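Trainee: okay, sequence plus prediction incoming.
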Amino acid sequence: MAFLGHTDPWGFALRISARLRDPKRDAGRSFVLIGDGAPLAGAHVQGHAPEDDDQSLGLTHLWFEESPDHLRQLVEAIFDRYPHESVYAPLHGVSTPIEKKLGSALTGLGFRPDEYLDLRFDLSEVPPLGMPLVLEAWSLPTDGAFRDLYQLSEETMLSDRAWAWLKRWRGPFLPDLWFIARETLDQEPVGFAFCGTNEHRVDASYYLTAVGVLPEHRHSSEMLRRLVVSTLLDLGAQSPLGRIETSLSSKDPKLIDILRSLGFEIDDRYRLLVKLPS
């Protein structure tokens with residue numbers, strides 16, 4: 001709290017300590033770098049179990065006393081203790097000057113600053129669509145086609161490590177929730193939609209990992225809109241009382257506008273430092 005500029009950090013700490021639900025567990029996830037008996041930097045870890053499919057690591061409450069090198073040293077030690085594939089450090093309630101200080105400390109570790117929006121949609125509210133796209137589910141023989149389509153649509157190249165991570169991000173990889181979209185079965189793909197869930201049921205919670213169309217369909221938002229609605233229709237047929245969530249970078253305003261026009265609601269908007277697989 002002192003690092004964030006709170007006017008009464010010690011008093012606030014005393015007041016908030018009484019609200020901790022499990023102090024022992026929280027303490028086990030809180031790390032402080034000590035030098036000559038004095039605290040130099042700290043971080044709280046939101047980790048994962050070794051058996052989890054999603055090997056993402058969360059870092060919160062980052063701070064350092066004097067040198068950003070101390071925070072970098074602490075985070076490197078945390079990385080050694082918690083094997084991971086991606087790392088997220090949300091910066092809730094952090095001022096711009098503090099954000100820059102944290103960014104300068106962690107940039108050398110592969111972090112980049114971003115702004116995310118968390119959105120959600122109830123599948124019972126899927127809008128009508130005149131001409132849905134045909135969705136083809138993933139299979140092992142089509143893995144290469146899925147990967148090529150993703151790279152062409154996103155205009156990026158993925159390593160084997162990053163492709164494997166994308167499949168397991170937000171839960172176990174479910175082939176029947178990864179789609180290639182076509183106008184008709186005999187036509188070339190126009191885009192993709194990758195989703196996941198922790199369990200199939202009538203009120204399941206899905207996560208939209210990635211969605212996009214090929215560059216030649218970006219002249220308007222119509223194809224991307226049809227792709228999103230087609231995906232919602234498919235998920236809604238499986239879980240009519242379910243919901244779908246996603247987190248998008250503010251650097252993709254077109255997709256955000258499409259989702260909002262379809263009825264997606266913004267749950268949260270926040271700055272963060274993110275480190276994704278190379």
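Mentor: Looks like it arrived, so ask away.

Trainee: and the residue most central in space within the chain, what are its bridge partners?
Mentor: With distances taken as CA atoms, centre = their mean, residue 247 lies nearest the centre of the chain, 5.4 Å away. For residue 247, the beta-bridge partners under DSSP bridges are residue 118.

Trainee: how close does it get to residue 227?
Mentor: Going from residue 247 to residue 227 by CB to CB, to the nearest Å gives 18 Å. Where you see a C-beta, it was placed from the backbone N, CA and C, and this is true even at glycine.

Trainee: wouldn't residue 46 be in contact with residue 61 here?
Mentor: No: with contacts counted by CB atoms under 8 Å, residue 46 stays clear of residue 61, the gap being 10.2 Å.

Trainee: do a quick rundown of the strands in the stretch 101-250 of the chain.
Mentor: 112-122, 134-137, 178-182, 189-197, 205-213, 243-249 (DSSP state E, counting those that start in this stretch).

Trainee: make TSV out of those strands and add distance to residue 73 and mean pLDDT.
Mentor: Converted to TSV, the strands of the stretch 101-250 of the chain look like this (distance: least, CB to CB, whole Å; pLDDT from 0 to 100):
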stretch	distance to residue 73	mean pLDDT
strand 112-122	20	96
strand 134-137	46	97
strand 178-182	39	97
strand 189-197	35	96
strand 205-213	33	96
strand 243-249	29	96
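
Trainee: of these, which is nearest residue 31?
Mentor: For residue 31, the closest of the strands of the stretch 101-250 of the chain is strand 112-122, at 22.5 Å, according to CB to CB.

Trainee: what does the longest helix seen in the chain contact?
Mentor: Using DSSP state H to define each element, the chain has its longest helix at helix 222-238. Applying CB atoms under 8 Å, 6 or more residues apart in numbering, the external contacts of helix 222-238 come out as 121, 123-124, 126-127, 129, 131-133, 135, 177, 179, 181, 190-191, 193, 195, 200, 204, 206, 208, 211-213, 217-218, 242, 244, 254-255, 258-259, 261-262.

Trainee: okay, the angle between it and strand 243-249?
Mentor: With axes from the mean of the first three to the mean of the last three CA atoms, to 10 degrees applied, the angle from helix 222-238 to strand 243-249 works out at 150 degrees.

Trainee: just the buried positions in helix 222-238, please.
Mentor: 223-236, 238 (16 or more other CB atoms under 10 Å).

Trainee: and that helix, how far from the chain's centre?
Mentor: Offset of helix 222-238 from its chain centre (CA atoms, centre = their mean, to the nearest Å): 20 Å.

Trainee: for the nearest residue to residue 178 once chain neighbours are set aside, give me its contacts.
Mentor: Nearest non-adjacent residue to residue 178, counting by CB to CB, 6 or more residues apart in numbering: residue 138, 3.9 Å away. The contact partners of residue 138, by CB under 8 Å, 6+ apart, come to 146, 175-176, 178-180.
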